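Trainee: build me a model from this:
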Amino acid sequence: MGQAVVSNLRDEPAFLHVGNLGRCGSSGDGVINLATALDVADVIIDFTTGEAATALSEACAARGGPALVIGATGFTPEQLGRIRNAARSIAIVRSGNFSLGVNMLVGLVRQRRSSRARHGTSKFSRPIIAARSMRLPEPH
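Mentor: Prediction:
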């Protein structure tokens with residue numbers, strides 16, 4: 001996923017890709033260290049691991065930025081609490097799935113739940129979700 005994001009950012013003139021964060025001691029074309037990333041980036045996009053993303057959120061928050069987009073999964077409740085704490089200081093967007101369809105579905109379920117809470121429960125005891133796979137026509 002990280003490679004797909006970097007590829008798309010390089011093609012988008014509104015963004016400047018300043019480098020890829022590597023593990024401690026790693027090097028290579030386009031790899032920058034954490035200190036450099038914290039100094040020059042407006043936003044860091046992270047698709048690594050729960051522990052790495054948690055540590056990164058705390059490093060960003062300690063400096064008051066940059067903002068952070070987290071696409072990692074596998075967080076413990078304790079790590080999620082640490083990220084919530086970091087989000088008190090900086091902007092953080094975290095999702096285990098960045099697909100438009102999944103996030104629209106999550107939003108609709110939350111909206112339905114909120115509506116039921118305001119207007120009393122319906123005859124259904126839990127949200128009912130219907131999904132249908134749709135095949136798009138092949139390009140000509």
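
Trainee: hey, let's count contacts and neighbours off CA atoms from now on
Mentor: Noted.

Trainee: quick one, helices of this protein?
Mentor: 2-10, 34-40, 50-63, 77-86, 100-119 (DSSP state H).

Trainee: apart from its chain neighbours, what residue comes closest to Pro87?
Mentor: Let me fix one detail, which is that residue 87 is Ala and not Pro. Closest residue to Ala87 apart from its sequence neighbours, by CA to CA, 6 or more residues apart in numbering: Ala61 at 7.3 Å.

Trainee: then Thr73?
Mentor: Excluding the flanking residues, the one nearest Thr73 by CA to CA, 6+ apart is Gly96, at 5.3 Å.

Trainee: report the contact partners of that neighbour.
Mentor: By CA atoms under 8 Å, 6 or more residues apart in numbering, the residues touching Gly96 are Ile70, Gly71, Ala72, Thr73.

Trainee: distance of Arg10 from Ala53?
Mentor: 23 Å (CA to CA, to the nearest Å).

Trainee: more crowded one of these two?
Mentor: Neighbours were counted for Arg10 and for Ala53 using other CA atoms under 10 Å; Ala53 has more, 24 against 13.

Trainee: how about the contacts made by the residue nearest to Ala87?
Mentor: Contact analysis of Ala61 by CA under 8 Å, 6+ apart lists Ala86, Ala87, Ser89, Ile90.

Trainee: which of those residues count as buried?
Mentor: Neighbour-count burial (16 or more other CA atoms under 10 Å) is assigned, among the contacts of Ala61, to Ala86, Ala87, Ser89, Ile90.

Trainee: could you find the closest non-adjacent residue to the third one?
Mentor: Spelled out, that is Ser89. Using CA to CA, 6+ apart, the nearest residue to Ser89 is Ala61, at 5.5 Å.

Trainee: same thing with Leu34?
Mentor: Leaving aside its chain neighbours, Leu34 sits nearest to Leu21 (6.4 Å; criterion: CA to CA, 6+ apart).
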